[in-house]
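Asks: predicted model and sequence follow; I will ask about them next.
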Amino acid sequence: MLHNEITKVNIHTMVVKFYAVVLKDETVGPFFIEKLGDNLKTFLWETHIELLTNFWASIALGDTAYRGNPFAPHTRLQGLKRETFDQWLILFFGVVDSIYKPEVASQFKERSTIIAGNFMRNLNL
């Protein structure tokens, strides 16, 4: 069932599903595996999933639980390319489409595209 409403619960579902897909991807996965490992059940991953759930909830719902700087960790990653962000968006769009109805999914797609563009610009990619 596709959701027509954004809630923190379905954002959490989206984030978990997204990273399960990421870990299987040859382009994006290695960046996360290097920093967090390949098991979503570890403390590092659970912390990251909570952080990203709060991040997307802040964007989509105005939730105030997110505390962080989403760009900063990307400055420490070696080997990021424009193609990495393009693949990240492809994976993200696929997961968003599997969770939300099109009119809701489009909100996440629009915002993620802006974020990826800003990151690439700030990383000079």
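Replies: Great, that's in hand.
Asks: report the buried residues of the strand or helix carrying Lys17.
Replies: Using DSSP states H and E, Lys17 sits in helix 8-22. Within helix 8-22, the residues scored as buried using 16 or more other Cβ atoms under 10 Å are 10-16, 18-19, 21-22. Heads up, the C-betas are built off the backbone N, CA and C, glycines and all.
Asks: of those residues, which is the nearest to Ser106?
Replies: Nearest to Ser106, judged by Cβ to Cβ, of the buried residues of helix 8-22 is Met14 at 14.1 Å.
Asks: quick one on the thing from earlier: now tabulate the buried residues of helix 8-22 in JSON lines and tack on pLDDT.
Replies: JSON lines is the format used below for these (pLDDT from 0 to 100):
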{"residue": "Asn10", "pLDDT": "98"}
{"residue": "Ile11", "pLDDT": "98"}
{"residue": "His12", "pLDDT": "98"}
{"residue": "Thr13", "pLDDT": "98"}
{"residue": "Met14", "pLDDT": "98"}
{"residue": "Val15", "pLDDT": "98"}
{"residue": "Val16", "pLDDT": "98"}
{"residue": "Phe18", "pLDDT": "98"}
{"residue": "Tyr19", "pLDDT": "98"}
{"residue": "Val21", "pLDDT": "98"}
{"residue": "Val22", "pLDDT": "98"}
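Asks: quick one: residues in contact with the helix holding Lys17.
Replies: The contact list for helix 8-22 (Cβ atoms under 8 Å, 6 or more residues apart in numbering) reads 3, 28-29, 32, 40, 45, 48-49, 52-53, 56-57, 60-61, 63, 88, 91-92, 94-96, 98-100, 108.
Asks: same question, stretch 46-61
Replies: By Cβ under 8 Å, 6+ apart, the residues outside stretch 46-61 that reach it are 6-8, 11-12, 14-16, 19, 36, 40, 63-68, 70, 107-108, 111.
Asks: with just CA atoms, put it into PDB.
Replies: The C-alpha coordinates for stretch 46-61 follow below in PDB (Å, rounded to 0.1, in the frame of the first residue of the first chain):
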ATOM      1  CA  GLU A  46      20.800   2.300  13.900                       C
ATOM      2  CA  THR A  47      22.200   5.700  14.900                       C
ATOM      3  CA  HIS A  48      22.600   6.800  11.200                       C
ATOM      4  CA  ILE A  49      19.000   5.600  10.400                       C
ATOM      5  CA  GLU A  50      17.600   7.600  13.300                       C
ATOM      6  CA  LEU A  51      19.600  10.700  12.200                       C
ATOM      7  CA  LEU A  52      18.300  10.400   8.700                       C
ATOM      8  CA  THR A  53      14.800   9.700   9.800                       C
ATOM      9  CA  ASN A  54      14.900  12.900  11.800                       C
ATOM     10  CA  PHE A  55      16.600  14.800   8.900                       C
ATOM     11  CA  TRP A  56      13.800  13.800   6.400                       C
ATOM     12  CA  ALA A  57      11.100  14.500   9.100                       C
ATOM     13  CA  SER A  58      12.500  18.000   9.600                       C
ATOM     14  CA  ILE A  59      12.200  18.600   5.900                       C
ATOM     15  CA  ALA A  60       8.900  17.000   5.300                       C
ATOM     16  CA  LEU A  61       7.100  17.600   8.600                       C
END
